[in-house]
Each structure stands twice: as structure tokens, then as C-alpha cells.
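**Student:** next one to model:
(2 chains)
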There are 2 protein chains.
Amino acid sequence: MINRESGTPVYLQIAYNIRKKIVDNYYKKDDKIPTEDDLATLYGVSRMTARNAVTHLVDEGYVYRIHGKGAFVLNSKLNRNLNKLNNFYQDIEKLGLSPSAKVIDFIERLPNQKEQNVLSIQRTEKVYDVKRIRYVDKAPLGLQNFIVPKKLVPNLPNIDIETESFYEYLEEVGYPLYKADQKMESIYAPDIAEKIGVSLENNPFFFFERISYTKDNTPVELLYSYFHGENYSFNITLYSDS
Amino acid sequence: MINRESGTPVYLQIAYNIRKKIVDNYYKKDDKIPTEDDLATLYGVSRMTARNAVTHLVDEGYVYRIHGKGAFVLNSKLNRNLNKLNNFYQDIEKLGLSPSAKVIDFIERLPNQKEQNVLSIQRTEKVYDVKRIRYVDKAPLGLQNFIVPKKLVPNLPNIDIETESFYEYLEEVGYPLYKADQKMESIYAPDIAEKIGVSLENNPFFFFERISYTKDNTPVELLYSYFHGENYSFNITLYSDS
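**Tutor:** Predicted structure coming up:
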């Protein structure tokens, strides 16, 4: 389980391993994780290394310590950084988890008024309108619906966007994304909950509406995302103007 | 209503005026706003100026146009920019609205383990723990709970934090905030809905946990915010690493 040849420090490998168990809900909120002595034995490392692994999880916000009692799961929500325009696949893989997607809708159609405006296209220029359910380690995380001008990605119907990143595909065909404007809401969405197959009770969702551009300001994608609040949180670092 | 002597262009004054009616829920989602001809007559301006005001509201995301039919309210949620560590009072006032607050709890107590860690204080160093309901134009928007070391703001009990900005007070006493780490969740919070006095049905809330620092990295404030999803949205601009 621990690979001493890899470039990743051993304490981080242990932290990733525990984090995976937290995100996969093997350890649940307020569950006690193994003691540092037990972790040291389990992974065959020094107690100091085990301690560093736990400290890393505390710093990341996954775990809290109670003096003399041990370390406990603070939050099992998947946490992503919102300071950068990130790639879903890369983010999830960096966490040591497996991203996947299921296409539930793939339509070619004429754009509505809003799509004409935000994607700068004529009303005769068709778009692809694609809905995917997003999974992390096979648990449904949310629904994403992207609308993209057909002329930019005419070959899209032949691409496997269940296992490949759409953003990486955009890079390959010459439209790497550089900037995005994103609006965020917190909404009640039982219809989405039903569609992705999560509990229908009290379902808070993040709703994001994102318009993404290349460096020369070509609008490429209009994206509506619904992420299940039970499973998802975001981090952001803010600076004042002064 | 229009002040031609002020530095603000007339079309913006008209836009702000309409936006205030949207945020105050005088115009509701999908309501038609007055035609450009009617706005021109109403405000005594040219049709071009009225048109610019509506275009500004479209650009800001408050209104959408349907060709040949007019302009309609897209969203009556209060929208704030999340790219900067902003001051609630200033943000709201910039929108031409009136911020206010009601203190529902003001406690002096010893810090818990987490507060000792994030605020870098000893367990014998007291904190102020303050809960305020936030209002915009008298409508409840959310609940904020800040925890601050007493030694930084010993005079806080004598300050009127219902009408004055706490962040401006921090500046005055030598702790201007520079940076914040913020975690965001979308949660179901009927208890908060009841406390602030909004509908108890289907209540999605934004939950923010923020730790704010001065430029020399002194942690000053631990802040828990609950903002009502029905009334609130955020904008953010993201850039890729490349």
C-alpha cells in the first residue's frame, strides 16, 4: 500500500489512503480514525510519520483532534479548490479517487436566445447539448449539462466523454479554456436528486452557471452544474483590495 | 429620482433603480419590466439611455430580453462578487441598498479546541462570540456568527455593531483584514430559517466557514455564515493554471 520508491512522501501516502476512506464514507462524520500507534503498525512506519499523516488531514480539514482522545472525522464531503478553473478529472484523480461519468442526454439542436448571446453564435448555428452524471468512486456527485457550438467540436459525437475529460478534448482540438465566469447558487432540487439517484429528502444542491473562454476570449462552453450539497464543499482564498 | 449632477451616468442610475425593485421583490422572477419607451417617459430620458439601462441589467444577469416581447426578470437573488474579501456593508451599499444587522447573541467565553487552534490563542484567553442576523432593505438575508479573541478587541461590547461594520472597526483598532480562507457548503438548515424568520419550506442555505488574517498573518476572526439560498447568489471569475 505504501510505495517508498514513488516521489510522494510516505506520510502523504498514508494521509491520502485515510482520506479516500473518509470520502468513500468508510469512515463517517465523527468516527474515530485509528490511533497514531495503530497507524504506525498498520503501515510499518514510525510514530512520527503516522503523526504527520494525521496532522496533514487536520490541516486539510478532514479530521479534528481531541486532546487525549484521538482524531475524528470532521467532514466527509469532497472538497475542491475554487480559486482555479480546474479540470474535474484531474482534481478527483489528485485526491486519489476515481472520476467517471455517464451520458444521459446528447442532443444536437439550434441554440436558444441566451445561448446565441453567451456563445456568440447565429441562430442557425447548431449546438451540442450534453448531460452527464458525475461519479466519484462510483457514488453520484452531481449532474452537469454543457452546451457547446457544434462548429468548434464537430467530431464530439465520436468522443468517449464518459471516460475522457471534455476539457482535455477541448485542448486537443485547439480550444484550451483560460477563463470562466461562474455564478453560484444554493438550491433545492428534488428533480436532480431523483435523476442522479440520491436521497430525495432535504436536498440542497450547489448550482453553478459557468461560461468558459479561451485566452483570445472565444466563448466555448455554457455549463450548468448541480452538485449534491451532502457530498461536496469548496475552498477559496480571498484577498482584500488594500 | 435621476440626479444629473451626480457623477453616475443617467443610464446607470436608472439601472440601479430597477435593480433595487428587483432585489426588493417588487419585480419578481419572469415579471416584465417596463418597455424602453415607458422607461424613457418615466425617467425623462432618451430611448437610447433607457435601452442602455436595460442592457446593463442584462449584462449584470438580472434581466433577459425576448426578441419582440421585451425584458423580463431573470433572477431576483442578491448577487455578490466572491473574488475579493469584501465588506458586507460596502457591498450592499454599492448596490444602492440598505444593509443592517440585529445582534441576537453576544457572549464572552473561553475558546474551544478548534478556536484555540485557528485563532492561535491559549485556552485561558477569552473570545467574544457574536451572532447577528443580516438584513438588506429590512429583508432577512442570513445569520453570521463571528468569534474573535477578546485581547484584540477588548472594547467590542461598547461598539454598535448593528449599524456599523465590524470589518471597519477592525481596521480602526489596527487589524485590517487582508486574507481569508473560506470553505463553502450547500446545506439544509430549517433551524437557521426559523431563527432569521424566513419560510420553513425547502430551505437551501450557503454555509461559509471563514478564517480571516491580517497582512502579517495574525488570525483575527473565525466566521460562520448562513445565507439564504432563495435570496443570494455569488459570482466568481476563474482562471486556468496555464
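
**Student:** quick one: residues contacting A:Q182.
**Tutor:** Contacts for A:Q182 (C-beta atoms under 8 Å, 6 or more residues apart in numbering or on different chains) come out as A:208-210, B:235-238. To be clear about C-beta, it is placed using only N, CA and C from the backbone, and glycine gets the same treatment.

**Student:** over to it. Which of the three states is it?
**Tutor:** strand (DSSP: H, G, I helix; E, B strand; the rest coil).

**Student:** about what we covered before: can you turn the buried part of the contacts of A:Q182 into a PyMOL selection?
**Tutor:** Listed next is the PyMOL selection for buried residues among the contacts of A:Q182, using 16 or more other C-beta atoms under 10 Å in any protein chain shown:
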select buried, (chain A and resi 208+209+210) or (chain B and resi 235+236+238)
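
**Student:** adding pLDDT, write the contacts of A:Q182 out as a markdown table.
**Tutor:** Listed next are these as a markdown table, based on pLDDT from 0 to 100:
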| residue | pLDDT |
| --- | --- |
| A:F208 | 90 |
| A:E209 | 90 |
| A:R210 | 92 |
| B:N235 | 79 |
| B:I236 | 81 |
| B:T237 | 80 |
| B:L238 | 79 |
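
**Student:** domains in chain A, by residue range?
**Tutor:** Each domain of chain A is listed here as a residue range: A:10-73, A:82-235, per automatic domain parsing.

**Student:** count of neighbours near A:A71?
**Tutor:** 24 (other C-beta atoms under 10 Å in any protein chain shown).

**Student:** buried stuff in the helix or strand hosting it?
**Tutor:** If you go by DSSP states H and E, A:A71 is part of strand A:70-73. Applying a neighbour-count criterion of 16+ other C-beta under 10 Å, one finds A:71, A:73 buried in strand A:70-73.

**Student:** could you give the mean pLDDT of the next helix or strand after that strand?
**Tutor:** Once strand A:70-73 ends, the next helix or strand along the chain (criterion: DSSP H and E) is strand A:78-81. Here strand A:78-81 scores 75 as its mean pLDDT.

**Student:** what does strand A:78-81 contact?
**Tutor:** A:23, A:60-62, A:86, A:91, A:95, A:97, A:136, A:141, A:231-236, B:183.

**Student:** with distance to B:K102 added, can I get the domains of chain A in CSV?
**Tutor:** Listed next are those as CSV, based on distance: least, C-beta to C-beta, whole Å:
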stretch, distance to B:K102
domain A:10-73, 31
domain A:82-235, 22
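
**Student:** for B:Y167, find the nearest of those.
**Tutor:** Across the domains of chain A, B:Y167 has its closest neighbour in domain A:82-235 (21.1 Å, C-beta to C-beta).

**Student:** for the closest one, what is the distance to the chain centroid?
**Tutor:** Domain A:82-235 has its C-alpha centroid displaced from the chain centroid by 11 Å (C-alpha atoms, centre = their mean, to the nearest Å).

**Student:** and the residue nearest the centre of chain A, how far is that from B:K131?
**Tutor:** Nearest to the mean C-alpha position of chain A, counting by C-alpha atoms, centre = their mean, stands A:F88 at 4.8 Å. Per C-beta to C-beta, to the nearest Å, A:F88 is found 37 Å from B:K131.

**Student:** now the end-to-end length of stretch A:27-47.
**Tutor:** In stretch A:27-47, first residue to last residue: 21 Å (C-alpha to C-alpha, to the nearest Å).

**Student:** please compute how far that stretch lies from its chain's middle.
**Tutor:** Using C-alpha atoms, centre = their mean, the offset of stretch A:27-47 from its chain centre is 27 Å.

**Student:** show me where chain A has strands.
**Tutor:** A:63-66, A:70-73, A:78-81, A:99-109, A:127-136, A:139-149, A:179-188, A:204-213, A:219-228, A:232-239 (DSSP state E).

**Student:** among those, show the one with the smallest mean pLDDT.
**Tutor:** strand A:78-81 (a mean of 75).

**Student:** A:S212 contacts A:E221, correct?
**Tutor:** Yes - with contact defined as C-beta atoms under 8 Å, A:S212 counts as touching A:E221 (4.5 Å).

**Student:** overlap of the contact sets of the two?
**Tutor:** Counting by C-beta under 8 Å, 6+ apart, the residues touching both A:S212 and A:E221 are A:L177.

**Student:** show me the contacts for the residue nearest to A:V173 when sequence neighbours are not counted.
**Tutor:** Using C-beta to C-beta, 6 or more residues apart in numbering or on different chains and skipping residues adjacent in sequence, the residue nearest A:V173 is A:V153, 6.1 Å away. With contact set as C-beta under 8 Å, 6+ apart, A:V153 has these partners: A:128, A:169-170, A:173, A:175.

**Student:** re earlier: are any of the contacts of strand A:78-81 buried, and if so which?
**Tutor:** Looks like the contacts of strand A:78-81 have A:23, A:61-62, A:86, A:91, A:95, A:97, A:136, A:141, A:231-236, B:183 buried, using 16+ other C-beta under 10 Å.

**Student:** for the nearest residue to A:K183 once chain neighbours are set aside, give the beta-bridge partners.
**Tutor:** Once flanking residues are discounted, A:K183 sits nearest to A:E209: 4.6 Å by C-beta to C-beta, 6+ apart. Counting by DSSP bridges, A:E209 forms beta bridges with A:K183, A:Y224.
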